[in-house]
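Colleague: Could you look at this predicted model? Sequence included:
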Amino acid sequence: MQLEFSSTSDYLIGTVLTVCCVIGILGNIVSLYTFYKTKSKGNNSTYFKHVYLVISLVNLLLCAAMFPVIDSAFSFGRMGKIFTSSSLFCDIWTVIYGIILEISVFVVAQISVSRLFLLIKPNTNFYINCSWIAPLFYFFLTLTMKIVNSALKVNTFAFVPPLMACVYIALDGTVSEQGEPMLHLPNELLLAVIETIQTGFTVLPISLCSVLCLCLLQRSKQRTRQLGGSRKKQDKATITVLIFTTLYVICSVPIFVYNIFFWIWNLSVDRSEVYMANSKFLMSYLEVYSTNFLVNYSSVMVTRVFPVINCALNPCIYFWRMKSFKNFIVSNVVRITTAMSSSLFEH
């Protein structure tokens, strides 16, 4: 089966991914160090600082996990050497990448819900350790579920060139005459439905929290004017979270929409057709990928490029919106440049 790939378009995607990953890795390393070193005033400030620490770590790992995808983008026919070198690496990468994505969703939801709760009950004091205990618990829960799925052979992993990566493949429990696991379209449909629900349960609640935060923020400003008080710092922090979550929603909505269209397409194709999966390759992963040039690239854009763009832009939001973050970086840059200038003059 011949797949419709454009080497020029693939190189462009690879270049965008490379630039975003480099910026994301460097930016989130700086963010990790800055959040770790800056001091917070108050219990809630420390809680949100720790949440941003976790977000920066997750974004850093997500960018680092993209390098095998970049290798596929710059390879002929998207057959990257890293993914195709070992089926074990394909399996491990799929699990790790899936966990990183789900944790990133969880922490964005955590900070969004936390800020909404603080707007509803301004006197709330968050338990600081919950900032990392909750994501850690979710990590072990997600890992356990993936291990159970693999042990029960509910799904397997396969390298799919149209997606430039290894992905989960749903099985129907049977094998071919060659002993390879078989895929049936209803299983693929079920997997598509599950992915759509997962995306909806992340994008929709986070979007709802953002809307509610915006409404409560406007009400809070009106009440503050009437009482003659000042909530400038709290309002600024809320706006920062709103910008942060809005960026996430913008980058995630295309995935949600894409999954819905993929689900609808699955409903329209011949149910009698059976697909064969190999644990290492899946060259014929649904006919839509071999016949539709747009789908080949929309899938990569929404599942690979947009999440990395989000990770690369987050440190920019921190620098733009957080005064302590900006001051810490600027002061350290000035200190380093001064020290370098002094050492040059001495020599």
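Modeller: Structure's in. What do you need? Remember, predicted model here, so these are calculated numbers, not experimental data.

Colleague: Regarding Phe159, what are the backbone dihedral angles?
Modeller: phi -80, psi 120 (degrees, to the nearest 10).

Colleague: Please name the bridge partners of it.
Modeller: Taking DSSP bridges as the rule, Phe159 bridges to Cys166, Phe281.

Colleague: Against Asp71, how distant is it?
Modeller: Phe159 sits 12 Å away from Asp71, going by Cβ to Cβ, to the nearest Å. The way it works is simple: take the backbone N, C-alpha and C, and place the C-beta from them, glycine included.

Colleague: So between these two, which is more surrounded?
Modeller: Phe159 (29 against 19; other Cβ atoms under 10 Å).

Colleague: thought that one was touching Tyr168?
Modeller: No - using Cβ atoms under 8 Å, Phe159 is not in contact with Tyr168, being 11.9 Å away.

Colleague: follow-up on the earlier one: shared neighbours, Phe159 and Asp71?
Modeller: Common contact partners of Phe159 and Asp71 (Cβ atoms under 8 Å, 6 or more residues apart in numbering): Phe83.

Colleague: Can you get me a residue count around Cys20?
Modeller: When counting by other Cβ under 10 Å, one arrives at 23 neighbours for Cys20.

Colleague: how about low-confidence regions in the stretch 1-150 of the chain?
Modeller: Within the stretch 1-150 of the chain, the ranges that satisfy pLDDT under 70 run 1-4, 149-150.

Colleague: just the helices in the stretch 201-347 of the chain please.
Modeller: Assigned by DSSP state H, counting those that start in this stretch, the stretch 201-347 of the chain shows helices spanning 232-268, 288-291, 293-300, 306-321, 323-346.

Colleague: Let's have those helices in a markdown table, adding mean pLDDT and mean neighbour count.
Modeller: Shown next, in a markdown table, are these (pLDDT from 0 to 100; neighbours: other Cβ atoms under 10 Å):
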| stretch | mean pLDDT | mean neighbour count |
| --- | --- | --- |
| helix 232-268 | 74 | 17 |
| helix 288-291 | 46 | 16 |
| helix 293-300 | 68 | 18 |
| helix 306-321 | 91 | 20 |
| helix 323-346 | 80 | 11 |
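
Colleague: Now do the same contact list for Asn44.
Modeller: Asn44 makes contact with Leu118, Thr124, Asn125, Phe126 under the criterion Cβ under 8 Å, 6+ apart.

Colleague: got the contact list for the first one?
Modeller: This points to Leu118. Asn44, Thr124, Phe126, Gln234.

Colleague: go with 7 Å
Modeller: By Cβ atoms under 7 Å, 6 or more residues apart in numbering, Leu118 lies in contact with Asn44, Thr124.

Colleague: same check, this time on the second one
Modeller: The neighbourhood of Thr124, defined by Cβ under 7 Å, 6+ apart, consists of Phe117, Leu118.

Colleague: Would you confirm that it belongs to a helix?
Modeller: No - counting by DSSP: H, G, I helix; E, B strand; the rest coil, Thr124 is not part of a helix but coil.

Colleague: How much space separates it from Tyr47?
Modeller: 10 Å.

Colleague: Reformat the helices of the stretch 201-347 of the chain as TSV; add distance to Glu102.
Modeller: Compiled in TSV, the helices of the stretch 201-347 of the chain are given as follows (distance: least, Cβ to Cβ, whole Å):
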stretch	distance to Glu102
helix 232-268	12
helix 288-291	25
helix 293-300	19
helix 306-321	12
helix 323-346	27
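
Colleague: Quick check: which of the ones you listed is nearest to Gly14?
Modeller: Gly14 sits nearest to helix 293-300 of all the helices of the stretch 201-347 of the chain, at 10.1 Å, using Cβ to Cβ.

Colleague: ok, how many other residues are close to Tyr11?
Modeller: With other Cβ under 10 Å as criterion, Tyr11 counts 12.

Colleague: right, and Lys146 touches Val95 too?
Modeller: Yes - contact between Lys146 and Val95 holds when scored by Cβ atoms under 7 Å: they sit 5.3 Å apart.

Colleague: Phi and psi next, for the residue nearest to Arg78 when sequence neighbours are not counted.
Modeller: Among residues not flanking Arg78 along the chain, Pro161 sits closest, at 4.1 Å (Cβ to Cβ, 6 or more residues apart in numbering). Pro161 adopts backbone torsions of phi -50, psi -40, taken as degrees, to the nearest 10.
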